[in-house]
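Enquirer: quick one: sequence plus predicted model below, questions after.
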Amino acid sequence: LRLMPPLWAMLLLFLPFILTGHHRTAQLHSWTMAASYLMNFNSAFGWGQAYAFFHTWSLAAQEQFYLLWPLALLVGIRRHPKLILSALLVFAIIWRTYLYANGASMVRIYFSPDTNSDAILIGCLLGFAAIPAIWVRRLAAMWPLWIFCDRRRAGLLCETSGCATIFGGTPTGLHIGSSA
């Protein structure tokens with residue numbers, strides 16, 4: 001919901017150009033898919049061209065999650081959330097593998113919510129996980145270091161800044177992305 005005002009500002013800004021430009025019907029279809037948060041379905045199932053609003057597929061996936069997650073909690077995921085979410089995660093992976101093995105397009109597999117739900121399901125699982133408070137404090141204390149710990153510089157920067165020692169390891173034991 002926090003991204004709805006900027007999305008609608010962009011959509012309203014583009015609407016006069018769409019209504020007066022070429023390919024009006026196709027562009028209006030793309031605009032409608034973006035406005036209704038269905039661009040991921042549009043892309044996955046080939047309902048029409050995405051044109052300038054293709055990037056809104058990820059917003060659509062997030063908004064669909066925000067609408068379905070409270071309903072899922074009310075309907076019954078409250079009883080055994082870790083088990084149900086784990087089963088859904090395994091099912092999504094098996095379903096994606098089945099579709100891939102049977103010739104589904106990569107566009108279908110990547111953009112469809114039934115095959116591209118891993119990250120959201122893992123995030124939901126982590127939400128139910130009992131993470132020890134000491135880990136939360138350590139992660140919170142080192143968050144500024146994450147900005148500098150990318151794959152190219154992880155070996156040098158993390159070893160010298162102490163990322164490894166925060167977690168009780170040794171600086172030489174941390175080799176994220178390094179060749180050592």
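Expert: Noted; the coordinates are in hand. Nothing here was measured: the structure is a model prediction, and the numbers come from that model.

Enquirer: which residue, other than its chain neighbours, is closest to Trp69?
Expert: Cys124 (7.3 Å; Cβ to Cβ, 6 or more residues apart in numbering). (Each C-beta comes from the backbone N, C-alpha and C, glycine too.)

Enquirer: in what helix or strand does the residue most central in space within the chain lie?
Expert: The centre of the chain sits closest to Ala119, judged by Cα atoms, centre = their mean, with a distance of 5.6 Å. Under the criterion of DSSP states H and E, Ala119 resides in helix 118-128.

Enquirer: from the chain's centroid, how far away is that helix?
Expert: How far helix 118-128 lies from its chain's middle: 11 Å, per Cα atoms, centre = their mean, to the nearest Å.

Enquirer: cool, stretch 126-133 as well?
Expert: 20 Å.

Enquirer: now that stretch: mean pLDDT?
Expert: What stretch 126-133 shows for mean pLDDT is 79.

Enquirer: ditto for stretch 11-26
Expert: Throughout stretch 11-26, pLDDT has a mean value of 87.

Enquirer: repeat for stretch 46-64
Expert: On average, stretch 46-64 scores 85.

Enquirer: please apply the same query to stretch 92-106.
Expert: Throughout stretch 92-106, pLDDT has a mean value of 92.

Enquirer: now it: buried residues?
Expert: Residues of stretch 92-106 classed as buried by neighbour count (16 or more other Cβ atoms under 10 Å): Ala92, Trp95, Arg96, Leu99, Ala104.

Enquirer: same question, stretch 47-54
Expert: Using 16+ other Cβ under 10 Å as the test for burial, stretch 47-54 gives Gly48, Gln49, Ala50, Tyr51, Phe53.

Enquirer: now stretch 4-15
Expert: For stretch 4-15, a neighbour-count test (16+ other Cβ under 10 Å) marks Leu7, Leu11, Phe14 as buried.

Enquirer: before we move on, back to that, which one of the buried residues of stretch 47-54 is nearest Glu63?
Expert: Proximity of the buried residues of stretch 47-54 to Glu63 was ranked by Cβ to Cβ; the top entry is Phe53 with 14.0 Å.

Enquirer: that closest one and Asn102: what is the separation?
Expert: Per Cβ to Cβ, to the nearest Å, Phe53 is found 30 Å from Asn102.

Enquirer: kindly list the longest helix within this protein.
Expert: For the chain, the longest helix by residue count, based on DSSP state H, is helix 81-101.

Enquirer: report all helices and strands that the next helix or strand after it contacts.
Expert: Moving toward the C-terminus from helix 81-101, the next helix or strand (DSSP H and E) is helix 106-111. Packed against helix 106-111, as judged by 3 or more Cβ pairs under 8 Å, 6 or more residues apart in numbering; DSSP states H and E, are the following elements: helix 39-45, helix 81-101.

Enquirer: and those as CSV, adding distance to Thr32?
Expert: Shown next, in CSV, are these (distance: least, Cβ to Cβ, whole Å):
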stretch, distance to Thr32
helix 39-45, 9
helix 81-101, 27
